[in-house]
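1. Sequence plus the predicted model coming up.
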Amino acid sequence: MSDLGPVDPGHHADVEWLHRWRLRPEGDARTTASSTLIPVRTAEGVPAMLKLAHLDEEERGGELLERLAGRGVARVLRREGAAVLIERATGPNDLVRMVLAGHDDEATRVLCATAAQLHVDPADLDGTDPSTSGELVVPSDAGGAPLVPLTTWFRELFAHADDLEPLHRRGAELADGLLAAPRDERVLHGDVHHGNVLDFGERGWLAIDPKGLVGESAFDFCNLLCNPSHERALAPGRLERQFGVVLDATARAGAPLDSDRFAQWLVAWCALSSTWFVLDDDPAHADGVARIGELALGLLD
């Protein structure tokens, strides 16, 4: 392949992957602290996204996508170490726009349905997906990285709760109790929100960018209640309504959540998320998600 399109040839490592997998870029590379993303098309003309992980967390997420084999998530076309080639979302719909257009309930239901698909037993990760339609999926070079338990995920909250606000201490207490007696432990996405579930056309709504966690399934429905923005989440009555939509959606799917336990997870999640923002020196977002957590305290029985 001689034409690398708009990719800066100074990004030597990126170019090497494009050559190795015979990919043609269809847009500029986008680089963050966690990864580099390049929209590409394969030699067969399939639209895809090349992701090069810069952090272990991102690499673990790429492996989880592969092991989920398309169940509720974007399919992996190739993966090798930190590099993963993922099918690209090309559908016209967008959950953030759906919310802004007044269809908040519908967006929440989409998020719940997508998360439920990937909430498999960890022992069942390596199944096959009939939607591959015979396309070749190249196996990875790894034997399966461990999922991160929620007890590990909450470590920053436990370490810093006493140095922060009363909400953080309350969230840590609730998390400690929940983690001591977990229920319905499943593979978790870990970051379900309106920007991580995309329209894949005929394949429907699918998740991207999982964190690769394992724990109680109720945890995975918390972050969506804080999105697509803290301002939206804090609108009068919004949290209570969407909390109810989640309870209804999961019940209809045959996996009902205990209302009080879900509220406890929500408070714990808000305390954890706020702690992360504090540690990242982002007081505005730390305060925003803490305020959502304060509202969530009112949902406790």
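-> Arrived safely. Residues are numbered from 1 along each chain as shown.
2. hey, let's count contacts and neighbours off CA atoms from now on
-> OK.
3. got a list of what D105 touches?
-> By Cα atoms under 8 Å, 6 or more residues apart in numbering, the contact set of D105 is Q242, V245.
4. Okay, and it sits in which element?
-> Per DSSP states H and E: D105 is located in helix 104-118.
5. buried stuff in that helix?
-> If you call a residue buried by 16 or more other Cα atoms under 10 Å, then helix 104-118 has these buried ones: 104-105, 107-116, 118.
6. Would you mind identifying the next helix or strand past it?
-> Counting by DSSP H and E, the element after helix 104-118 in chain order, helix or strand, is strand 148-149.
7. If you average the pLDDT over the next helix or strand after that following strand, what comes out?
-> Using DSSP H and E, the next helix or strand after strand 148-149 towards the C-terminus is helix 150-153. Mean pLDDT, computed over helix 150-153, is 98.
8. again with stretch 271-280
-> For stretch 271-280, the mean per-residue pLDDT is 98.
9. Please apply the same query to stretch 159-170.
-> For stretch 159-170, mean pLDDT rounds to 98.
10. who touches that stretch?
-> L157, A172, A268, A271, L272, T275, A290, G293, E294.
11. Only the buried residues of it, if you could.
-> By neighbour count with 16+ other Cα under 10 Å, stretch 159-170 contains the buried residues H160, A161, L167, H168, R169, R170.
12. so of the residues you listed, which ones are in helices?
-> The helices, defined by DSSP state H, take in H160, L167, H168, R169, R170 from these.
13. how about the strands in the protein?
-> Under the criterion DSSP state E, the chain carries strands at the ranges 24-25, 30-31, 35-41, 47-53, 76-80, 83-87, 148-149, 185-188, 197-199, 205-207, 213-216.
14. Which strands border the fourth one, and is each parallel or antiparallel?
-> The one in question is strand 47-53. The strands beside strand 47-53 in its sheet (DSSP bridges) come out as strand 35-41 (antiparallel), strand 83-87 (antiparallel).
15. thinking again about what came up before, out of the buried residues of helix 104-118, which comes closest to E63?
-> The closest of the buried residues of helix 104-118 to E63 turns out to be L118 (Cα to Cα; 13.8 Å).
16. what residues are up against the closest one?
-> Neighbouring residues of L118 by Cα under 8 Å, 6+ apart: L68, R71, G72, V73, V187, L188, H189.
17. How much space separates it from G293?
-> 26 Å (Cα to Cα, to the nearest Å).
18. same deal with H193?
-> From H193 over to G293 (counting by Cα to Cα), the distance is 17 Å.
19. Which of the two has more residues huddled nearby?
-> When neighbours are counted by other Cα atoms under 10 Å, H193 and G293 differ, and G293 comes out ahead with 28 against 25.
20. Let me see the contact set for the more buried one.
-> Contact analysis of G293 by Cα under 8 Å, 6+ apart lists L167, L266, V267, A268, C270, A271.
21. from those residues, which would you call buried?
-> Buried members of those, counted by 16+ other Cα under 10 Å: L167, L266, V267, A268, C270, A271.
22. Can you add distance to G201 and give those back as JSON lines?
-> Listed next are the buried ones among the contacts of G293 as JSON lines, based on distance: Cα to Cα, whole Å:
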{"residue": "L167", "distance to G201": "41"}
{"residue": "L266", "distance to G201": "31"}
{"residue": "V267", "distance to G201": "35"}
{"residue": "A268", "distance to G201": "35"}
{"residue": "C270", "distance to G201": "33"}
{"residue": "A271", "distance to G201": "36"}
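23. how about these, which pair is most distant?
-> L167 and L266 (11.8 Å).
24. if we can go back for a sec, give me the average confidence score over the helix holding D105.
-> 98.
25. from the chain's centre, how far out does that helix sit?
-> Mean-position distance between helix 104-118 and its chain equals 12 Å (Cα atoms, centre = their mean, to the nearest Å).
26. Among the contacts of G293, name the ones in helices.
-> L167, L266, V267, A268, C270, A271.
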